[in-house]
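A.B. asks: Sequence and computational prediction follow.
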Amino acid sequence: MRNFIAGHALKAIEAGVDGLILVAAGAGGHAGTLSPFALIKEIRAHYDGPIALAGAISTGEAVLAAQILGADLAYMGTRFIASTEAQASADYKQSILQAGASDIIYTDKISGVHGNYLRQSLERAGLDLENLNQGPKGKIEYSKEQGAKAWKDIWGAGQGVAAIHHILPTAEIVNQLEAEYRAALDAVRRFA
Ligand SMILES: Cc1cc2nc3c(=O)[nH]c(=O)nc-3n(C[C@H](O)[C@H](O)[C@H](O)COP(=O)(O)O)c2cc1C
């Protein structure tokens with residue numbers, strides 16, 4: 001039996017899509033569980049059209065890695081939450097700076113579909129993280145007293161938080177990504 005996520009991609013290819021966004025493990029929001037290494041290899045065997053790869057891509061070297069794996073585009077979300085322009089709250093942005101990859105909790109209890117969330121926001125909503133993924137599948141009623149809302153008070157973010165240390169204007173993030181990308185490319189050329 002084909003795994004669920006690759007199965008979706010294959011269905012989309014059969015339907016004649018113009019391109020695919022592969023949301024691999026570690027991505028912010030509703031993420032998959034497959035390693036980007038495995039996922040893109042599997043899909044590339046069936047599809048040579050445009051692919052954007054997502055999942056914990058927060059640096060220029062990760063963008064280059066996505067291309068090396070066979071992606072045409074790198075698709076980033078979490079990195080831009082910690083931008084001055086993002087309308088996320090100051091607490092949300094600070095949590096991203098402080099979090100490591102293991103502070104990202106994967107659960108279907110918040111929206112009913114599995115996604116990645118910042119530990120701190122789940123704790124603040126009064127959720128018992130030890131037992132969060134126990135019990136029946138799907139969304140739970142959480143923190144009614146505090147009125148916590150998914151996405152507003154329970155913060156989505158991917159494992160790429162580990163590489164985010166500063167809140168910057170978007171233009172500076174992009175410049176930094178470009179500099180990191182070029183440095184990584186030079187390093188790869190030195191290996192060759
Ligand atoms: C807070 C948050 C909300 C998101 N909401 C959506 C959404 O509504 N629809 C969607 O297709 N992807 C959504 N995403 C996923 C992003 O489009 C993207 O696939 C993902 O952020 C890429 O992984 P990264 O965060 O590790 O860079 C969301 C991501 C985050 C962090």
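C.D. replies: Now that the structure is in, tell me what you want to look at.

A.B. asks: can we go C-alpha only for contacts and neighbour counts from here?
C.D. replies: Fine.

A.B. asks: three-state assignment of the residue positioned nearest the centre of the chain?
C.D. replies: Centroid check for the chain by C-alpha atoms, centre = their mean gives Ala27 as the closest residue, at 1.6 Å. Recorded secondary structure, Ala27: coil (DSSP: H, G, I helix; E, B strand; the rest coil).

A.B. asks: How much space separates Glu141 from the ligand?
C.D. replies: Relative to the ligand, Glu141 is positioned 20 Å away (criterion: C-alpha to the nearest ligand atom, to the nearest Å).

A.B. asks: Over to Tyr117?
C.D. replies: Taking C-alpha to the nearest ligand atom, one finds Tyr117 at 8 Å from the ligand.

A.B. asks: Look at that residue and give its secondary structure.
C.D. replies: Tyr117 ends up strand, using three-state DSSP.

A.B. asks: neighbours around Ala31, how many?
C.D. replies: 22 (other C-alpha atoms under 10 Å).

A.B. asks: Just list whatever residues bridge to the closest residue to it other than its chain neighbours.
C.D. replies: Sequence neighbours aside, Gly115 is the residue nearest to Ala31 in space, at 5.3 Å (criterion: C-alpha to C-alpha, 6 or more residues apart in numbering). Note on Gly115: beta-bridge partners Thr107, judged by DSSP bridges.

A.B. asks: Give me the distance between the two termini of stretch 91-109.
C.D. replies: For stretch 91-109, the first-to-last residue distance is 22 Å (C-alpha to C-alpha, to the nearest Å).

A.B. asks: What lies in contact with it?
C.D. replies: Stretch 91-109 is contacted by residues 81-82, 113-120, 132-133, 137-140, 155, 157-162, 164-167 when judged by C-alpha atoms under 8 Å, 6 or more residues apart in numbering.
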